[in-house]
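Chemist: coords please:
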Amino acid sequence: MPPWHADPEIGEFEHDLSLSVDEKRQLVGWIDAGSPRGEGADPLTQIPAAETEWELGEPDLIVDLPAFDIPATGVLDYQFFEVKNPLDRDVWVKAVQISPGDRQVVHHAIATFGASSTLGADSDSGESLFQPQLMTFVPGNETYIYPEDTGVYVPANSSFFTQMHYTTYGRATSDQTRIGLYFADEPPEHVLQHYSILNLELEIPAGEAEHQAEAYFELQRDAVIYALFPHAHYRGRASEFAIRYPDGREEVVLSSPDYDFNWQRYFQFKDPIEAPAGTKIIHRTTYDNSTANLSNPDPSVDVTFGEQTWEEMLYGGVSFRYAEPGENDFEINVDDYMTSIVMGYMDTNMDGQIALTEMPEGARQSMVLPFTILDKDKSGGLDFDQFRQFMVQTGMSQNRSLVD
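Modeler: Alright, predicted model coming up:
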């Protein structure tokens with residue numbers, strides 16, 4: 001059965017696959033006894049064969065991505081597929097399943113949607129961060145049923161986009177991933193949001209066995225948090241999410257002390273977390289870049305943030321809704337989102353302000369004047385609104401290399 005990596009002492013989650021202490025003792029005792037066969041028919045023979053690849057039944061719409069050939073060896077660039085939406089009506093999506101053609105080569109797939117383009121496969125795969133998201137596929141996370149009374153609004157005349165990360169495994173193959181969408185009969189009250197926490201300044205020294213990095217996402221409105229998704233590559237050893245409330249109180253809400261790249265999932269809370277505006281969702285990951293890590297691609301090199309599995313990531317997914325519906329909740333404000341991402345990893349002391357000394361060293365001199373002008377209260381730091389103005393005025397909010 002699939003492993004379950006969440007600490008049982010922290011939080012309660014839907015679809016918990018973990019074994020209780022008594023169940024583990026029973027299993028170990030059975031193994032120690034020589035695994036004797038019980039009485040009666042073999043229950044595994046009573047399970048009917050699956051008639052369809054779709055766990056939730058036949059989807060309302062199946063999006064077939066283009067077939068893609070994967071060589072036996074080598075490193076592949078991200079692929080970014082666009083498929084025109086065939087529907088002539090607006091729909092609300094309530095659940096999604098992503099079904100790869102060859103699971104061994106699909107590292108991840110991020111399914112989004114947006115205005116149709118003319119670029120097709122030449123589009124920038126980083127754009128997926130700034131489009132409304134349907135779901136992220138990683139090994140162990142293939143189906144997502146949205147929380148009750150939430151949904152994602154997909155307009156007619158749009159396109160479906162999918163960022164595909166393929167990895168080779170010694171045999172040439174072909175993949176054609178399919179996306180199954182399930183529609184709500186009535187519009188839900190709330191739009192489900194999917195936002196990311198990133199640390200683009202991640203640097204892991206060669207040989208270091210326990211390197212911790214962190215970043216955060218600060219809610220600008222009251223919200224309800226449904227699920228969290230920790231992601232790293234082969235050097236990721238442990239991961240956690242903490243909630244820091246505006247009063248300074250901090251609570252760890254998800255801990256994965258034995259992170260495994262091969263088994264990833266969204267952890268969906270049984271009781272969603274109500275979080276007021278100003279709450280920081282902090283994501284921390286511990287990395288093992290030593291020779292003791294048998295999965296380590298190369299312990300002799302310093303490792304930085306990157307898309308390939310021999311590089312590393314600090315990436316946390318957050319699934320939530322706003323407490324009160326807003327008129328434009330189904331759109332992503334790129335300036336706000338860029339500010340949230342960049343502030344989340346530049347604000348190293350997590351005081352809610354960006355000091356000049358926390359900005360990239362090579363660019364500080366050119367940033368002194370706009371920083372000083374926007375620091376109207378002379379606090380020595382820019383809060384979210386001030387930093388947003390700073391990013392817009394300096395062009396940083398349009399610099400996608402800050403998040404690619």
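Chemist: Please enumerate the strands of the stretch 151-300 of the chain.
Modeler: 158-166, 173-175, 178-183, 190-191, 193-198, 203-204, 211-218, 223-231, 236-244, 250-256, 267-275, 280-287 (DSSP state E, counting those that start in this stretch).
Chemist: ends of stretch 305-318, how far apart?
Modeler: 20 Å (C-alpha to C-alpha, to the nearest Å).
Chemist: now stretch 39-59
Modeler: 40 Å.
Chemist: gap between it and the chain center?
Modeler: 30 Å (C-alpha atoms, centre = their mean, to the nearest Å).
Chemist: do stretch 166-173 as well
Modeler: Using C-alpha atoms, centre = their mean, the offset of stretch 166-173 from its chain centre is 24 Å.
Chemist: Show me what residue 305 bridges to in the sheet.
Modeler: Per DSSP bridges, the residues bridged to residue 305 are residue 312.
Chemist: re the thing from before, mind checking which of the strands of the stretch 151-300 of the chain is nearest residue 81?
Modeler: Nearest of the strands of the stretch 151-300 of the chain to residue 81, taken as C-beta to C-beta: strand 158-166 at 4.8 Å. C-betas here are computed from N, CA, C, even on glycine.
Chemist: Could you list every helix and strand in contact with the closest one?
Modeler: strand 68-70, strand 79-84, strand 106-115 (3 or more C-beta pairs under 8 Å, 6 or more residues apart in numbering; DSSP states H and E).
Chemist: Show me the shaky parts of the stretch 101-250 of the chain.
Modeler: Applying pLDDT under 70 to the stretch 101-250 of the chain picks out residues 118-129.
Chemist: before we move on, back to that, of all the strands of the stretch 151-300 of the chain, which one comes closest to residue 114?
Modeler: strand 158-166 (6.3 Å).
Chemist: The closest one pairs with which strands?
Modeler: Partners of strand 158-166, by DSSP bridges, with direction: strand 79-84 (antiparallel), strand 106-115 (antiparallel).
Chemist: Run the chain-centre distance for the first one.
Modeler: Per C-alpha atoms, centre = their mean, the displacement of strand 79-84 from the mean C-alpha position of its chain is 19 Å.
Chemist: excluding its backbone neighbours, what's nearest residue 351?
Modeler: For residue 351, ignoring the flanking residues on the chain, the nearest one in space by C-beta to C-beta, 6 or more residues apart in numbering is residue 381 at 7.1 Å.
Chemist: beta partners of the one you found?
Modeler: Here residue 381, judged by DSSP bridges, has bridge partners residue 355.
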